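Undergrad: Give me a model of this one.
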Amino acid sequence: MANTPSAEKAARQAVKRRIDNIAAISKMRTAIRSITLPIDAGDKDKAQAAYTAAVPTIDAMVSKGMIHRNKAARHKSRLAHRISGMA
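TA: Sure thing, here's the model as predicted:
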């Protein structure tokens, strides 16, 4: 439990930031899922469109410091590879 007014404020801010962070990570996961569903269904055009829309979301997580840049690169690379491998 916080003992000083500044520590109490920091605790309140941490709760607000945690809620925002959870929402942002969820948004990224939803964007990734929006790519994998058309890939699994075999719809290359929808998968490519979803990939184009999801890349800025993934990059925004990097710029905010939510995920490491290598993790973002890994996600983008694997998704792009799966899309390019579709018939």
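
Undergrad: Wait, I39 touches H81, no?
TA: No. Under the criterion of CB atoms under 8 Å, I39 is not in contact with H81, lying 10.5 Å apart. From N, CA and C alone the C-beta is placed, and that goes for glycine too.

Undergrad: So those two - more neighbours on which side?
TA: Just comparing I39 and H81: by other CB atoms under 10 Å the higher neighbour count belongs to I39, 19 against 9.

Undergrad: Could I get the contacting residues of the closest residue to that one other than its chain neighbours?
TA: Nearest non-adjacent residue to I39, counting by CB to CB, 6 or more residues apart in numbering: A47, 4.8 Å away. Contacts for A47 were tallied using CB atoms under 8 Å, 6 or more residues apart in numbering; they are I35, P38, I39, R82, I83, M86.

Undergrad: got it, and A24?
TA: A60, M61, K64, M66.

Undergrad: Quickly find the element holding the last one.
TA: Assignment of secondary structure by DSSP states H and E places M66 within no helix or strand.

Undergrad: Quick one: the helices in the protein, in order.
TA: 5-41, 44-63, 69-84 (DSSP state H).

Undergrad: Now list the buried members of the contacts of A24.
TA: A60, M61, M66 (16 or more other CB atoms under 10 Å).

Undergrad: which one of those is nearest A72?
TA: Nearest to A72 among the buried ones among the contacts of A24 is M61, at 6.6 Å by CB to CB.

Undergrad: Which residue, other than its chain neighbours, is closest to that closest one?
TA: Spatial nearest neighbour of M61, excluding adjacent residues (CB to CB, 6+ apart): I67 at 4.7 Å.

Undergrad: ok, the one you found - how many residues close by?
TA: Close neighbours of I67, defined as other CB under 10 Å, add up to 17.

Undergrad: so how far is V15 from it?
TA: As for I67, its distance to V15 is 21 Å (criterion: CB to CB, to the nearest Å).

Undergrad: hang on, the earlier thing: okay, the contacts of A47 in a markdown table with distance to V55 next?
TA: Shown next, in a markdown table, are those (distance: CB to CB, whole Å):
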| residue | distance to V55 |
| --- | --- |
| I35 | 10 |
| P38 | 15 |
| I39 | 15 |
| R82 | 14 |
| I83 | 12 |
| M86 | 18 |
